[in-house]
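>>> Just to be clear, the model below is a prediction. Sequence and coordinates:
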Amino acid sequence: MAISKQWLHEAKLLCDEPGPEDGVDPRELARFRLTRKTKQNRPLEKVAQRTISLWIMAELADDVFRDIDVAAVQLTEDGQFLWVLIHHYSSAQAQTEVALQKLNALQGYLRAQVARAVNRKRVPVLKFEVLQMDR
């Protein structure tokens, strides 16, 4: 078994089954539908969401990422960007901005992990956006 597939198998054991739309207003997700779903885009978005979510939970052992969940990953129409929509369950706006800055700093690293999981040489650039949740 390849190292990346072995890691994904081990990382799946760390969590139950995180749902992509846990606690999100469906209207909020519908606003970010940027592309028509095609047979090529769906697997990339699914694998990217799973990989980024698992890497944030397992490998990036930082307290800032403790309250983060990946809600959805959407590929833009031109295929240049993968929009990663995240929840940050902390109520502090400053902590949310720090988490977003750190994710943007780790964008290249996470992009390389997605490329390894998808077995592609080139993967679109990751762009992170925080979904605001009303409490």
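Thanks, I have the structure now.
>>> so where's this protein uncertain?
For the chain, the stretches flagged by pLDDT under 70 are 1-4, 7-40, 91, 132-135.
>>> hey, where'd the helices end up in it?
3-12, 26-30, 41-58, 93-105, 107-118 (DSSP state H).
>>> mind putting those in CSV, distance to residue 85 and mean neighbour count included?
Any C-beta I mention is one placed from the backbone N, CA and C, and that applies to glycine too. Output for the helices of the chain, formatted as CSV (distance: least, C-beta to C-beta, whole Å; neighbours: other C-beta atoms under 10 Å):
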stretch, distance to residue 85, mean neighbour count
helix 3-12, 21, 13
helix 26-30, 7, 11
helix 41-58, 9, 19
helix 93-105, 12, 15
helix 107-118, 14, 17
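>>> To residue 131, which of those lies closest?
helix 26-30 (5.7 Å; C-beta to C-beta).
>>> picking that back up, could you dump the helices of the chain into JSON lines with distance to residue 131 added?
Formatted as JSON lines, the helices of the chain follow (distance: least, C-beta to C-beta, whole Å):
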{"stretch": "helix 3-12", "distance to residue 131": "23"}
{"stretch": "helix 26-30", "distance to residue 131": "6"}
{"stretch": "helix 41-58", "distance to residue 131": "14"}
{"stretch": "helix 93-105", "distance to residue 131": "10"}
{"stretch": "helix 107-118", "distance to residue 131": "18"}
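>>> and of the ones you listed, who's closest to residue 130?
helix 93-105 (5.7 Å).
>>> who does the closest one touch, helix- and strand-wise?
strand 81-88, strand 125-131 (3 or more C-beta pairs under 8 Å, 6 or more residues apart in numbering; DSSP states H and E).
>>> I'd like the C-alpha coordinates of it written as CSV, please.
This file holds the C-alpha atoms of helix 93-105, laid out as CSV (Å, rounded to 0.1, in the frame of the first residue of the first chain):
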residue,chain,number,x,y,z
GLN,A,93,-13.4,37.0,15.2
ALA,A,94,-9.6,37.5,15.9
GLN,A,95,-9.1,33.8,16.3
THR,A,96,-11.0,33.1,13.0
GLU,A,97,-8.7,35.6,11.2
VAL,A,98,-5.6,34.0,12.7
ALA,A,99,-6.8,30.5,11.6
LEU,A,100,-7.5,31.8,8.1
GLN,A,101,-4.0,33.4,7.9
LYS,A,102,-2.3,30.2,9.0
LEU,A,103,-4.4,28.2,6.4
ASN,A,104,-3.3,30.6,3.7
ALA,A,105,0.3,30.2,4.8
